[in-house]
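Participant: Pasting a predicted model and its sequence here:
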Amino acid sequence: DAGVTQSPTHLIKTRGQQVTLRCSPKSGHDTVSWYQQALGQGPQFIFQYYEEEERQRGNFPDRFSGHQFPNYSSELNVNALLLGDSALYLCASSPARGAFNNEQFFGPGTRLTVL
Amino acid sequence: DQQVKQNSPSLSVQEGRISILNCDYTNSMFDYFLWYKKYPAEGPTFLISISSIKDKNEDGRFTVFLNKSAKHLSLHIVPSQPGDSAVYFCAASDGSSNTGKLIFGQGTTLQVKP
């Protein structure tokens, strides 16, 4: 049973560029959340997708957008990259609501460096 | 506004002794608390959790204590093992949000010396 997978592992971009990160949830999970972890900090909630719609959003600008596909996989897009966007981006999945899903399963993350 | 705080960036203990990691929160709406462990180059791994209706939860060597009046929780690891060396994150969730969104602390790096 594969856990949460993310691609790519590492990415280097320059300021102003756009980036797309990908996530496949754990088998049986249909809810995907994205977090940003800056160096020395805890993960910060970006947004959550359920039934292909953004269900909740954290305190991040509109440059951060996402998408969920019918197979529950998800993408995180960041436009007009800033140096401060350099971080580890974590994807977490959880099972459907109705089940107790506060326990989220995390992928290994994508390390984004903006130069 | 840091709603979940881990005030000790690091902790070092001897193998076999107890490790105590602390976490404070400010939002009284939080009703579920979790501890995650993170090794380098890996995502956080769920360790143990506690609901706000309880004050203690045990799982093997790991025990989490919750003091709602003080808005404080702690993770006890007994006995500590070198393999426990990792970054530990405390996280909280607000049941009213209906999404399970997690608010994390900054993390505490635990080093267990052989």
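Facilitator: Arrived safely.

Participant: For chain B, tell me whether the helix or strand that contains A:W34 is touching it.
Facilitator: In the assignment (DSSP states H and E), A:W34 maps to strand A:31-37. Yes. On the criterion Cβ under 8 Å from any Cβ of the partner chain, strand A:31-37 is in touch with chain B at A:T31, A:S33, A:Y35. Backbone N, C-alpha and C define where each C-beta goes, glycine included.

Participant: counting contacts, what elements does the helix or strand just after that strand pack onto?
Facilitator: Using DSSP H and E, the next helix or strand after strand A:31-37 towards the C-terminus is strand A:44-50. With contacts taken as 3 or more Cβ pairs under 8 Å, 6 or more residues apart in numbering or on different chains; DSSP states H and E, strand A:44-50 sits against strand A:31-37, strand A:53-57, strand A:64-68, strand B:102-104.

Participant: Which of the residues of strand A:31-37 next to chain B has the largest number of neighbours?
Facilitator: Using other Cβ atoms under 10 Å in any protein chain shown as the neighbour criterion, A:S33 leads those with 29 neighbours.

Participant: Specify the beta-bridge partners of that one.
Facilitator: A:Q48, A:A92 (DSSP bridges).

Participant: isn't it right next to A:C91, touching?
Facilitator: Yes. Under the criterion of Cβ atoms under 8 Å, A:S33 makes contact with A:C91 at 7.3 Å.

Participant: any weak-confidence spans in chain B?
Facilitator: Applying pLDDT under 70 to chain B picks out residues B:1, B:95-99.

Participant: Name the residues of it found near chain A, please.
Facilitator: B:4, B:6, B:32, B:34, B:36, B:41-46, B:49, B:89, B:91, B:93, B:97-107.

Participant: Return the members of those classed as buried.
Facilitator: Neighbour counting with 16 or more other Cβ atoms under 10 Å in any protein chain shown marks B:4, B:6, B:32, B:34, B:36, B:43-44, B:46, B:49, B:89, B:91, B:93, B:99-107 as buried within the residues of chain B next to chain A.
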